[in-house]
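[1] I'd like to go over a predicted model; first the sequence, then the structure.
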Amino acid sequence: MNRNARMLMLIASLLLVVPYFVPIWEITLEAPQYPEGLGLKIWIDTIDGLNPRDLDKVNNLNHYIGMKEIVPESIPELKLMPFIVGFMLIFGLLTAYFARPALVYSWTVLFIIVAIIGLVDFYLWEYDYGHNLDPTAAIKIPGMSYQPPLIGSKQLLNFVAISLPDIGGYSIFIAILLGVIASYTTFKSSKNKTRISNNETAQDADSGTTARRTATTDKLHAGPGAHSIRS
Amino acid sequence: MEKSSITKRLGMIGLVITVAVMLAIACATQKKASLTDGSAAEEVYVPPGSYDEYYSFFSGGFSGQVTVYGLPSGRLFRIIPVFAQHAENGWGYSEETKDMLMTSHGFAPWDDAHHPELSQTDGVPDGRWLFINANNTPRVARINLSTFETEDILEIPNSGGNHASPFVTPNSEYIVASTRFSLPIPQKDVPISEYKKHFKGTITFVSVNPDDGLMDVAFQIMVPGYNYDLAHAGKGPSNGWAFFTCYNTEQASTLLEVNASQNDKDFIAAVNWKLAEQAIAEGNYRTMDVDYYHNYLEHGSRTTISENKKSVRILDPASVPGLIYYLPTPKSPHGVDVDPSGEYIVGGGKLASVIPVHSFSKMMTAIENKEFEGEVDGIPILKYQSVIAGEVQNAGLGPLHTEFDGKGNAYTSAFISSEVVKWKLGTWEVVDRIQTYYSIGHLMIPGGDSQKPWGKYLVAMNKITKDRYLPTGPELCHSAQLIDISGDKMRLLLDFPTMGEPHYAQGIPASILQPKTTKIFPIEDNTHPFVAKSEREAGVTRDGRDVHVKMTTIRTHFAPDNIEGVKVGDRVYFHITNLEQDWDVPHGFAVQGMNTAELLVMPGETRTLIWEAKKVGVYPFYCTDFCSALHQEMSGYIRVSPRNSSITLSHNAQR
């Protein structure tokens, strides 16, 4: 694992701090009666409103169509998620520290799997809320379900529901992307190394170039103040 | 042949030119006419979905309430119930609000509200509160401008006809009150003809707590038994003083229209309230046993606390030298208005042919030099010539009130000649005048009685409308007229009818009030003793013959909505908690045969109505405010059984 890949892993890990402070996902509901906006914000450990009390408003509206009440405390995933992200964060930091290619590969693959499970799980919750409706609901439209989209927008009666990642979600995606890039460069350089070790004569010249390049990159990335940090 | 054709041609050209000139003149004239009308319409037009530039608050006069209009559109937004019961939302009927109208004379469900006054900070309206006086049973009220709700009503003891009220000092330290009708103080059984001997007036300073706005009678000044009519506080250099007009210095007790109009000059009383504060601090006052009420809203339960108070501090001018000076003012003066600089004190001598303007600095010099022409009850009377700054000549007939634009101009309403007269401070020359339709009383410029007027619009408030609107039988609306005062010439822009009889009004930029409007009352902050914060807390309990129903509302049902086991002779307290936490979702409540009024319950609050179970049967109740698509379904029943029935009290709220 080269210096760049380690740096990427460090940044990826630190990006995972973001979802503890800002929401991961946002579902907005647009209708003429709500000029001030209405929507839900999904955080790492809870669900709340775009505006204060929006969750109550959404639950109240949903009772017309017989949708179950959204109670954040009863969703176990919201209890698990802080630990899962926390695990990935620490795992990422260890990867950056120990700089083992095996670690960066497994971090990336594991995180992709976790992310896919998360999205599928989110979809299933949405499906459950949108389809599992109280048969005694006041408003019943044959064939109509109220599942919000995973990503994108959809007309649900008088509302346009728009579902998009929020800053926390984007941070996770970027972290995964950085993991992929780190894995790729690690994979490439390890292949390179194999090739170089097979060709002893080229090694000196090549490693010299790498060293020079690294120094230049460091300078470029360090910026002002870097000196004081190092000294 | 050729010649005649040339003549013809010339003739034709002449004709064409003549027609063209005539057309041009016609066009120009027409253009002028259409410009005036067209742009006036544009200037007051607020397109759908757009907001007005100003909030304005009009007193309702004999309606007892305050109305809120937008300017420049003249659109009515709300009636704020203040001194009169308001069946529309249960104000003065519900258990939480009825004590607001409690007085030492008992429950007073009506009054005559005259002068709205915005609270000020540094002499400028700050948008925190609106004060208004009750003229009949002397009181002052405070309206919160976040909730647009009356939350404080204070009775003024030792007073009759609280007209010169509730004008505010530059930092809302005090609002003032006084006696338009003098009385025997303390009240006693005396012959009315012995007015001069027994009748006294009071000038009252009501303190306003800067944190929560709660009002209290700070002190009263005992004054000669004249009719104290209007007031305004000094500002800038004259801060620390307040000015009160008075008429009937003749002290007539009958046929005042003649007997109180004999003296050439009456007075403006200049009251040094900073000196009064000092006298109070030094203990130079006496206390008097009185009986008055202070009613105010407790915020958690949103329920009125009603306190009966028994004592007041009295200052006597004779024992506090320098407390009051009288400024002679022609003739039965009505309004007294202090210009934004604080130097000029304008008297509205309603029977005078001029507008007298006193100078504060001249007044201070005259006091220093003791330029007095007499004294009444220890109050020195200053010489007219020593205090007068100027007289506005040809100022219209019956000048009443003056407001200011902050650009050196004053605008005076002239009741008899039905006009607004614009004149210049300092030169006293009349520079413009505009007719009103008809018989203008007060006028208002947003901030026009403060240190920083927003001098763009002027509103004239007219007493008579006769042919101005479609007739509605013998009783016609009063009206407001919006006048553009941004240019040299005043321009009439709009007429609009008003509620009750607006005496005075206040205006403030929307940008100050709009952002701080209250949208809901957080349910978690509700401390009402009978709140049900969820349907699980709803229920019915019996306490002797009183049945307490803790009922919730949420779109679109009541919980409980079936109540049984109530018996003839029971008093049923419906405590309705609106569980909604969304803006603009009130629920209403009414039950058949109710002898009071309905309830409108705002999100997060609890309101209570009493319903007497009089006859055996099953009675419906329902939501009266169209709240959702299933509003018509929002109803329920209460069953009343015979007194000796063995049916136990029950309900169907979820547990």
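    Ah, there it is. Residues are numbered from 1 along each chain as shown, chains lettered A, B, ... in the order given.
[2] Skipping its backbone neighbours, what lies nearest whichever residue of chain A sits closest to chain B in space?
    Proximity to chain B, evaluated over chain A using Cβ to the nearest Cβ, is greatest for residue A:53 at 4.5 Å. To be clear about C-beta, it is placed using only N, CA and C from the backbone, and glycine gets the same treatment. Closest residue in space to residue A:53, ignoring its immediate chain neighbours: residue B:581 at 4.5 Å, by Cβ to Cβ, 6 or more residues apart in numbering or on different chains.
[3] Which pLDDT value belongs to that neighbour?
    Per-residue pLDDT puts residue B:581 at 93.
[4] Helices along the chain, start to end?
    Went with chain A since none was named. Per DSSP state H, chain A carries helices over the ranges A:3-15, A:54-65, A:76-98, A:101-131, A:167-198, A:200-222, A:226-230.
[5] I was thinking of chain B, sorry if that wasn't clear
    For chain B, applying DSSP H gives helices covering B:2-44, B:195-198, B:256-259, B:273-281, B:360-368, B:384-387, B:510-513.
[6] Tell me who's in contact with the residue nearest to residue A:53.
    By Cβ atoms under 8 Å, 6 or more residues apart in numbering or on different chains, the contact set of residue B:581 is A:53, A:56, A:57, B:520, B:522, B:523, B:603, B:604.
[7] again, 6 Å this time
    A:53, A:56, B:520, B:603 (Cβ atoms under 6 Å, 6 or more residues apart in numbering or on different chains).
[8] From residue B:533, how far off is whichever residue of chain B sits closest to chain A?
    Residue of chain B nearest chain A, by Cβ to the nearest Cβ: residue B:581 (4.5 Å). For residue B:581, the distance to residue B:533 equals 11 Å [Cβ to Cβ, to the nearest Å].
[9] and what of residue A:135?
    Applying Cβ to Cβ, the value for residue A:135 to residue B:533 is 29 Å.
[10] Those two: which has the busier surroundings?
    residue B:533 (17 against 6; other Cβ atoms under 10 Å in any protein chain shown).
[11] contacting residues around that one?
    By Cβ under 6 Å, 6+ apart, the contact list for residue B:533 reads residue B:523.
[12] now swap in residue A:85 and tell me
    Contacts were defined as Cβ under 6 Å, 6+ apart; by that measure residue A:85 touches A:16, A:19.
[13] so what's it scoring on pLDDT?
    Listed pLDDT for residue A:85 reads 96.
[14] Check residue B:4 too.
    The model reports residue B:4 with a pLDDT of 54.
[15] Could you verify my assumption that residue B:241 touches residue B:234?
    Yes - with contact defined as Cβ atoms under 6 Å, residue B:241 and residue B:234 form a contacting pair (3.9 Å).
[16] Lowest average confidence across the helices of chain A, which one?
    helix A:226-230 (a mean of 40).
[17] tell me the centre residue of the chain?
    Picking chain A for this. In chain A, the centroid-proximal residue (Cα atoms, centre = their mean) is residue A:172; its distance is 2.5 Å.
[18] look at chain B instead
    Chain B has residue B:116 as the residue nearest its centroid, 2.6 Å off, counting by Cα atoms, centre = their mean.
[19] Flag every residue of chain A that's near chain B.
    Within reach of chain B by Cβ under 6 Å from any Cβ of the partner chain, chain A has these residues: A:53, A:56, A:57, A:138.
[20] on that earlier part again, mean pLDDT lowest for which of the helices of chain B?
    Note on the helices of chain B: lowest mean pLDDT is at helix B:2-44, with a mean of 57.
[21] What distance do you get for residue A:18 to residue A:46?
    16 Å.
[22] Those two: who's more crowded?
    residue A:18 (19 against 15).
[23] That one contacts residue A:171, correct?
    Yes - in this structure, residue A:18 is within contact of residue A:171 by Cβ under 6 Å, at 3.8 Å.
[24] Just the strands from the stretch 451-600 of chain B, written as ranges.
    B:457-462, B:478-484, B:491-498, B:505-509, B:539-543, B:546-554, B:557-559, B:562-567, B:571-578, B:587-591, B:599-601 (DSSP state E, counting those that start in this stretch).
[25] In the sheet, which strands lie alongside the third one, parallel or antiparallel?
    Note on strand B:491-498: by DSSP bridges, its sheet partners are strand B:478-484 (antiparallel).
[26] Hmm, residue B:557 and residue B:653 touching each other?
    No - the pair residue B:653 / residue B:557 is not scored as a contact, 10.2 Å apart, by Cβ under 6 Å.
[27] who has more neighbours, those two?
    Neighbours were counted for residue B:653 and for residue B:557 using other Cβ under 10 Å; residue B:653 has more, 22 against 17.
[28] Starting from residue A:56, give me the distance back to that one.
    Counting by Cβ to Cβ - residue B:653 and residue A:56 are separated by 19 Å.
[29] neighbours of the nearest residue to residue A:33 once chain neighbours are set aside, just the number please.
    Excluding the flanking residues, the one nearest residue A:33 by Cβ to Cβ, 6+ apart is residue A:158, at 7.8 Å. Residues lying near residue A:158 (other Cβ under 10 Å) number 13.
[30] surely residue A:158 meets residue A:31?
    Yes - between residue A:158 and residue A:31 there is a contact under Cβ under 6 Å: 4.9 Å.
[31] rewinding a little: closest one to residue A:130 among the strands of the stretch 451-600 of chain B?
    Of all the strands of the stretch 451-600 of chain B, strand B:546-554 sits nearest to residue A:130, with 22.7 Å by Cβ to Cβ.
[32] can you list the domain ranges for chain A.
    Using automatic domain parsing, the domain parsing of chain A gives A:3-198, A:202-231.
[33] Would you tell me which of those domains gets closest to residue B:479?
    Residue B:479 lies closest, by Cβ to Cβ, to one member of the domains of chain A: domain A:3-198, at 33.0 Å.
[34] quick one on the thing from earlier: which among the helices of chain A is found nearest to residue B:256?
    Of the helices of chain A, the one closest to residue B:256 (Cβ to Cβ) turns out to be helix A:54-65, at 60.0 Å.
[35] neighbouring contacts of the closest one?
    Applying Cβ under 6 Å, 6+ apart, the contact partners of helix A:54-65 are A:38, A:48, A:49, A:69, A:70, A:137, A:138, A:139, A:146, B:581, B:582.
[36] quick one on the thing from earlier: let me have the contacts of residue B:581 in JSON lines, extended by neighbour count and distance to residue A:77.
    Listed next are the contacts of residue B:581 as JSON lines, based on neighbours: other Cβ atoms under 10 Å in any protein chain shown; distance: Cβ to Cβ, whole Å:
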{"residue": "A:53", "neighbour count": "20", "distance to residue A:77": "23"}
{"residue": "A:56", "neighbour count": "18", "distance to residue A:77": "21"}
{"residue": "B:520", "neighbour count": "18", "distance to residue A:77": "31"}
{"residue": "B:603", "neighbour count": "22", "distance to residue A:77": "32"}
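[37] Any chance of these in TSV with distance to residue B:261 as columns?
    Output for the contacts of residue B:581, formatted as TSV (distance: Cβ to Cβ, whole Å):
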residue	distance to residue B:261
A:53	62
A:56	65
B:520	55
B:603	55
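[38] Relative to residue A:129, which of those residues is nearest.
    Taking Cβ to Cβ as the measure, residue A:129 sits nearest to residue A:56 out of the contacts of residue B:581, at 15.9 Å.
[39] From residue B:561, how far out is residue B:616?
    Using Cβ to Cβ, we find residue B:616 at a distance of 20 Å from residue B:561.
[40] out of these two, which sits in the more crowded spot?
    A direct count of neighbours by other Cβ under 10 Å for residue B:616 and residue B:561 places residue B:561 higher, at 19 against 13.
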